[in-house]
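Trainee: Fold the following, please.
(one chain, ligands or ions: 2)
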Amino acid sequence: MNLKILGETGVVKGHLKITGSKSESNRLLILQALFSEIKIHNLSNSDDTQVLQKALASSDEVIDIHHAGTAMRFLTAYFAIREGREVVLTGSERMKERPISILVDALRQLGAEIDYVNQKGFPPLRIKGKKLTHNEVMVDSNVSSQYISALMLIGSSLPGGLQIHLHGKITSTPYIEMTLKIMKECGITGTFEGDRIMIEPAKKVKPVTVEVESDWSSASYFYSMVALSKEAKISLSSYRKESYQGDKAVAGIYKPLGVQTTYEDGKITLSKTNFKKPRLLELDLCGSPDLAQTIAVTCFGLGINCELTGLRTLRIKETDRLQALQNEIEKLGGRVEITIDSLRLSPVSNPYHGIKIDTYNDHRMALAFAPLALKFPLEIADAEVVSKSFPGFWNSLRDLGFSVEEF
Ligand SMILES: O=C(O)C1=C[C@@H](OP(=O)(O)O)[C@@H](O)[C@H](O)C1
Ligand SMILES: C=C(OP(=O)(O)O)C(=O)O
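Mentor: Ligands and ions are numbered 1, 2, ... in the order given. This next block holds a predicted model:
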């Protein structure tokens, strides 16, 4: 499905209910499969969460998790400890290019039996569930935090708990902290200090209902809309000031871009402030990699130079996001230089109009570019990709007054 999007008036106003965080939801689903006492409210309606939920309920031998990185990584650890169960865990063509050896090696150190079905280091995996015999492991922490979260989630189900030693620079740290906070809310004890994580063993937990906060990465697209609008007031529910999600950083990042956030009664209201356009925005996004596309596109739309660093993990996500950003921003007339882990953007005063943005099977390409329609008409290719994290996105745009039409 290709969409033509227009936000002609430049005015965006309305209230939206945003679905639960997919990161929180997917952690809770794994914990719930291990501890049935856990109940979950406001679960994400994203494809990634539905795919994980289906996988956990399935008794099939082959389980396909499509594009969902967290499902792939979390289920690898989960099935490694399901004694007597054998599964082949596979995914989309892109998933078969996303590395997993760091996690497989760590699980093997603990005694797991996992084999590569095709290419060494990549899904699909054949996993024979068994009792893991060790409880201490060393993991490289500079490629994806999801490997570490996966180990933490099963840690309390190992007889002696789990000690994880992190090796190298730690990437996406807020996601590791989120895992620990959610585990603690479920009654599991653990610590994360320096380069060491400890998870205490637990046979069962007390009955608990956990309320998933709405998704801050999804909220970022509305920050971008407010920044690019002429006039705006958008309220989003349900959000908390004390969030587990690192992407809450978006509220501070968009302040100098003219977006003010107020918290009231479980919702945030984003409004436009008078602001002096910065000449350059410099950010290290090592802790919030999923915000990179949103921010780069906002800066392009506002005509602000930006230098984003800490983006090493973007190369191995749904697509090579640095390359995809460069391709699409340059189609609009901007200039983008990329390295292995950074992006430098020089915008242009008169972007080309009516360009079709390609989305590379990456929800965040469609989500991040759509707000530009407040500046000029835009086309988004394969717009259905948004369902990976935000199935209701196009309807939300319509609710805010955008014209969104299939062509
Ligand atoms: O643990 C999680 O829920 C996630 C961790 C991050 O991945 P990396 O740790 O691979 O950067 C993030 O990009 C992804 O969208 C979700
Ligand atoms: C990187 C993402 O997801 P995952 O790694 O879980 O596929 C994302 O949602 O931006």
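
Trainee: can you list the residues of the stretch 201-350 of the chain near ligand 2?
Mentor: For the stretch 201-350 of the chain, the residues found near ligand 2 under the criterion CB under 6 Å from any ligand atom are Asp290, Lys317, Glu318. Every C-beta, even on glycine, is put in place using the N, C-alpha and C of the backbone.

Trainee: Regarding the closest residue to Ile164 other than its chain neighbours, what is its secondary structure?
Mentor: What sits nearest to Ile164 in space, not counting adjacent residues and going by CB to CB, 6 or more residues apart in numbering, is Ile197, at 4.2 Å. When the structure is reduced to helix, strand and coil (DSSP: H, G, I helix; E, B strand; the rest coil), Ile197 reads as strand.

Trainee: can you check Tyr239 too?
Mentor: From three-state DSSP, the assignment for Tyr239 is coil.

Trainee: distance of it from ligand 1?
Mentor: Between Tyr239 and ligand 1 the distance is 17 Å, computed by CB to the nearest ligand atom, to the nearest Å.

Trainee: So what's the residue count around the closest residue in space to that residue that isn't next to it in sequence?
Mentor: The shortest distance from Tyr239 to any residue that is not its chain neighbour, by CB to CB, 6+ apart, is 4.6 Å, and that residue is Ile268. Applying the criterion other CB atoms under 10 Å, we find 24 residues in the vicinity of Ile268.

Trainee: show me what contacts Ile268?
Mentor: For Ile268, the residues meeting the contact criterion (CB atoms under 8 Å, 6 or more residues apart in numbering) are Ala219, Ser235, Leu236, Ser237, Tyr239, Ala251, Thr261, Thr262.

Trainee: same deal with Ile380?
Mentor: Under the criterion of CB under 8 Å, 6+ apart, the neighbours of Ile380 are Asn2, Leu3, Ile5, Lys356, Ile357, Thr359, Ala366, Phe369, Ala370.

Trainee: again with Gly354
Mentor: In this structure, Gly354 makes contact with Phe376, Pro377, Leu378, Glu379, judged by CB under 8 Å, 6+ apart.

Trainee: PyMOL command to pick out the buried ones of the residues you listed?
Mentor: Buried residues within the contacts of Gly354, by 16 or more other CB atoms under 10 Å, are selected in PyMOL with:
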select buried, resi 376+378+379
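
Trainee: now the end-to-end length of stretch 138-154.
Mentor: Taking CA to CA, to the nearest Å, the span from the opening residue of stretch 138-154 to its closing residue is 15 Å.

Trainee: Tell me which residues of that stretch come out buried.
Mentor: With the criterion 16+ other CB under 10 Å, stretch 138-154 contains buried residues 139-154.

Trainee: Need the max-distance pair from these.
Mentor: When those are compared pair by pair using CB to CB, the two farthest from each other are Asn142 and Ile154, 21.8 Å apart.

Trainee: Could you check how many residues crowd around the closest residue to ligand 2 within the chain?
Mentor: Each residue of the chain has a distance to ligand 2, by CB to the nearest ligand atom, and the smallest belongs to Gly69, at 2.5 Å. Counted with other CB under 10 Å, the neighbours of Gly69 add up to 21.
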